[in-house]
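A.B. asks: Sequence below, structure please.
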Amino acid sequence: MAEMVRKPRLLAKLHAEVRSKTPKGQQAVKKDDLSGMAYLKAVVKETLRLHPPVPLLLPRISMSSCDDVNGYAVPARTHVVVNAWALGRDARSWGKNAEEFSPERFMADDGGAAAGDFKRRDFQFLPFGARRRICPGMNFGVASVEMMLANLVYCFDWELPDGMREEDIDLTEVFGLSRHRKEKLLLVPTTPRDHASTLHARLIMPRGRLDSCLGNVDPVVAT
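C.D. replies: All right, here's what the predicted structure looks like:
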């Protein structure tokens, strides 16, 4: 959300896709609706490329000596750590705009189904690891994020608080159990005009609206 709010054009594009692919009169996005949301999937992938929750993958130990790995000699029993964060920002793989948030890089040429996946054999995109040791919760995690994001943009329009500009959003990240934003993102939800008549809850009761879209949420987040 932080990356898209900094670029209103991208957020508007996501709003348009999610609302056009969700049946009219439906209160919230359902699982079956996600299959047609190519741009939504591209947004999630681009977010994981720039902001992997675990930037340094679990360390491994080389079982035997490798004399030439891109010019490096790796002795047996060497601890090896893969930097997923650096791989996702490598200009050799992603071009000169590697540091830029651009979901279109994961779109097919026809603008339809998202191109690319989480299991690329050339290893430039590893938010979940790879091959036999790939994260077993990958599919569940991605589906959960897609569902949450789809409902956030379907149920609400999002604006910055009064006096705040897009360039004021701080994207600084810190380490914890996972890598996360240092400063929480504060946005103001408003009810879209074209959806107001189809939703049971009103803007004056944001807690009910958020619960209907996302399930129970913390009151501090909902207000």
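A.B. asks: So, low pLDDT: which residues of the protein?
C.D. replies: Low-confidence regions of the chain, defined here as pLDDT under 70, cover residues 110-117, 119-121, 177, 193-223.
A.B. asks: quick one, longest helix in it?
C.D. replies: The helix of greatest length in the chain, counted in residues with DSSP state H as the criterion, is given as helix 138-155.
A.B. asks: and that helix, how far out from the chain's middle?
C.D. replies: Remark: helix 138-155 is offset 9 Å from the chain centroid, using Cα atoms, centre = their mean, to the nearest Å.
A.B. asks: Following it in sequence, what is the next regular element?
C.D. replies: Next along the chain after helix 138-155, taking DSSP states H and E as the criterion, comes strand 157-159.
A.B. asks: For residue 68, the count of nearby residues, please.
C.D. replies: By the criterion of other Cβ atoms under 10 Å, residue 68 has 8 neighbours. The C-beta positions use only the backbone N, C-alpha and C, and glycine is treated the same way.
A.B. asks: So which elements touch whichever strand or helix holds it?
C.D. replies: Taking DSSP H and E as the criterion, the element that holds residue 68 is strand 66-69. Judged by 3 or more Cβ pairs under 8 Å, 6 or more residues apart in numbering; DSSP states H and E, strand 66-69 is in contact with strand 72-74.
A.B. asks: What pairs with the strand it packs on, parallel or antiparallel?
C.D. replies: strand 66-69 (antiparallel) (DSSP bridges).
A.B. asks: Which residues belonging to the partner strand are considered buried?
C.D. replies: Of the residues in strand 66-69, none has enough neighbours to count as buried (16 or more other Cβ atoms under 10 Å).
A.B. asks: Give me the distance from that strand to the chain's centre.
C.D. replies: For strand 66-69 - counting by Cα atoms, centre = their mean - the centre lies 35 Å from the chain centre.
A.B. asks: Ramachandran coordinates for the residue nearest the centre of the chain?
C.D. replies: Centrality entry for the chain: nearest residue to the mean C-alpha point is residue 44, 3.1 Å, by Cα atoms, centre = their mean. Backbone torsions for residue 44, taken as degrees, to the nearest 10, come to phi -60, psi -40.
A.B. asks: Next, find the distance separating it from residue 159.
C.D. replies: Taking Cβ to Cβ, to the nearest Å as the measure, residue 44 and residue 159 are separated by 22 Å.
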